[in-house]
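Chemist: Fold the stuff below for me.
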Amino acid sequence: MRPLRRLIGTWLTEGVTLRQGEPTGERFVFVDHYAWLAGGHFIAHTVTGELDGVALHGLEIIGYDGKVLCATSYDSQGVVTHYRARLTGRMWSMVSPRERFNGAFTPDGKRLAGEWERKTARGEWRATMRVTLTRISM
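Modeler: Below is the predicted model of the structure:
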């Protein structure tokens, strides 16, 4: 879990939705907070914001299940998503059967920029959001 300490803190998440056939997407802002749970074996990630005019709140738990790094997300729309996660150097990725995130931390660890993609009905991955997280406190 030690390498995941780079997630710990509060982050301002700014981004834009990406929709096929539209020249520009909707801008959004979220606040993400990552904190160790007692014992240091898991990280609790909470998120609050608004997307497409709908308030969104979420809780995600990140930790190892055996040797596999996993994250399970629960949101205010009633959606539960299970991800496999990976941190390799500065690269952070999460993948579920229908969506995935790939991003990179800056060398100083103060920003994480990346893109969310969703699987289409044809099985192709299509970009849905571009995001940049900026650490605002530890």
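
Chemist: in this protein, which spans are strands?
Modeler: Remark: strands assigned in the chain by DSSP state E are 9-17, 27-36, 42-51, 54-65, 68-75, 80-88, 91-95, 99-105, 111-119, 125-137.

Chemist: Could you export the ones you listed as CSV, including distance to Pro3?
Modeler: The way it works is simple: take the backbone N, C-alpha and C, and place the C-beta from them, glycine included. Below are the strands of the chain laid out as CSV (distance: least, C-beta to C-beta, whole Å):
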stretch, distance to Pro3
strand 9-17, 15
strand 27-36, 13
strand 42-51, 12
strand 54-65, 12
strand 68-75, 10
strand 80-88, 5
strand 91-95, 10
strand 99-105, 11
strand 111-119, 14
strand 125-137, 16
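
Chemist: could you dump these to a markdown table with distance to Met1 and mean pLDDT?
Modeler: Putting the strands of the chain into a markdown table (distance: least, C-beta to C-beta, whole Å; pLDDT from 0 to 100) gives the following:
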| stretch | distance to Met1 | mean pLDDT |
| --- | --- | --- |
| strand 9-17 | 15 | 96 |
| strand 27-36 | 8 | 96 |
| strand 42-51 | 8 | 95 |
| strand 54-65 | 7 | 95 |
| strand 68-75 | 9 | 96 |
| strand 80-88 | 10 | 96 |
| strand 91-95 | 14 | 97 |
| strand 99-105 | 17 | 97 |
| strand 111-119 | 18 | 96 |
| strand 125-137 | 19 | 95 |
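
Chemist: Now tabulate the ones you listed in JSON lines and tack on mean neighbour count and distance to Arg2.
Modeler: Listed next are the strands of the chain as JSON lines, based on neighbours: other C-beta atoms under 10 Å; distance: least, C-beta to C-beta, whole Å:
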{"stretch": "strand 9-17", "mean neighbour count": "17", "distance to Arg2": "15"}
{"stretch": "strand 27-36", "mean neighbour count": "16", "distance to Arg2": "11"}
{"stretch": "strand 42-51", "mean neighbour count": "16", "distance to Arg2": "12"}
{"stretch": "strand 54-65", "mean neighbour count": "15", "distance to Arg2": "12"}
{"stretch": "strand 68-75", "mean neighbour count": "16", "distance to Arg2": "12"}
{"stretch": "strand 80-88", "mean neighbour count": "14", "distance to Arg2": "10"}
{"stretch": "strand 91-95", "mean neighbour count": "18", "distance to Arg2": "15"}
{"stretch": "strand 99-105", "mean neighbour count": "17", "distance to Arg2": "15"}
{"stretch": "strand 111-119", "mean neighbour count": "17", "distance to Arg2": "18"}
{"stretch": "strand 125-137", "mean neighbour count": "16", "distance to Arg2": "18"}
